[in-house]
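Asker: quick one: sequence plus predicted model below, questions after.
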Amino acid sequence: MANKEKKDGRSRRELITLGSAFGLMGIAGLGSAGALFKYMMPVVSYGTPQKFLVPVEDLPDVGDEMIFDDMKVVVRRQTDKEVAAISLVCTHLGCTVNRVETGFLCPCHGSQYDSDGIVVGGPAPKTLPWLDIKIVPGGQIEIDTGTSLPENSFFEVA
Ligand code: FES
C-alpha cells in the first residue's frame, strides 16, 4: 500500500497538503486583488445634492472669483453676463481642493488641476465638476452642487 501511494514520488497526503496550500494562496491572492482594486477606484461621494442661492449683486466682478467654503464651490465671473460655478471636491477621494495660482491643488494626495479644473497631475481621475446655475426670482442665482457639467459651462445671469 505504501508503495502504491509513493508511485509518482508523492504520497496522497503530500498531494492533498500541497493542493490545500495552493488553494489557500489562490484565495488570499484573489482577496488581495479585490482589496487593491477597491482601493484604486474613486469613491467620491458628493452627498445629498444641495442647492444654494447667491444674489446677483453679490457675484464677483468680471474676471474675478468668489469661494463659498461651506458649499465647496468657486463662482467665476467670466464676463458681465456670464458666470460659472466649479466644485472644489477632488475627484479622487473627495477632499476639498485649494485654489492656487496655477489652478487647484488637493492637499490629500497631491492631485493638481488647471484653472478650469482639468487634471494636470496626481491620482484624480477626472475634471472638477462644473455646476448647474439657474436664475431664480428675486435677482438671485441658484447653484446646484449635485450636477456635473463639462468644463467651460458658463451661464448668463443678465
Ligand atoms: S483626494 Fe486624493 S488627490 Fe484629492
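Answerer: The structure has been received and is ready for your questions.

Asker: show me the contacts for the residue nearest the centre of the chain.
Answerer: Most central in the chain under CA atoms, centre = their mean is residue 91, positioned 1.9 Å from the mean C-alpha point. Contacts for residue 91 were tallied using CB atoms under 8 Å, 6 or more residues apart in numbering; they are 42, 44, 111, 119, 124, 125, 126, 127, 128, 129. Bear in mind the C-beta positions are built from the backbone N, C-alpha and C, glycine included.

Asker: flag the shaky bits of the protein, pLDDT-wise.
Answerer: Low-confidence segments of the chain (pLDDT under 70): 1-9, 15, 26, 29, 31-49.

Asker: longest strand in this structure, by residue count?
Answerer: strand 140-149 (DSSP state E).

Asker: which neighbours in the sheet does it have, and how are they oriented?
Answerer: Paired strands of strand 140-149, with direction, are strand 51-55 (antiparallel), strand 130-136 (antiparallel) (DSSP bridges).

Asker: which parts of the longest one are buried?
Answerer: Right, the one you point to is strand 130-136. Of the residues in strand 130-136, 130, 131, 132, 133 count as buried by neighbour count, 16 or more other CB atoms under 10 Å.

Asker: for the contacts of residue 91, give me JSON lines that also has neighbour count and secondary structure.
Answerer: Listed next are the contacts of residue 91 as JSON lines, based on neighbours: other CB atoms under 10 Å; DSSP: H, G, I helix; E, B strand; the rest coil:
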{"residue": "42", "neighbour count": "14", "secondary structure": "coil"}
{"residue": "44", "neighbour count": "17", "secondary structure": "coil"}
{"residue": "111", "neighbour count": "23", "secondary structure": "coil"}
{"residue": "119", "neighbour count": "20", "secondary structure": "strand"}
{"residue": "124", "neighbour count": "26", "secondary structure": "coil"}
{"residue": "125", "neighbour count": "13", "secondary structure": "coil"}
{"residue": "126", "neighbour count": "13", "secondary structure": "coil"}
{"residue": "127", "neighbour count": "18", "secondary structure": "coil"}
{"residue": "128", "neighbour count": "26", "secondary structure": "coil"}
{"residue": "129", "neighbour count": "24", "secondary structure": "coil"}
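
Asker: kind regards, and thank you for your time.
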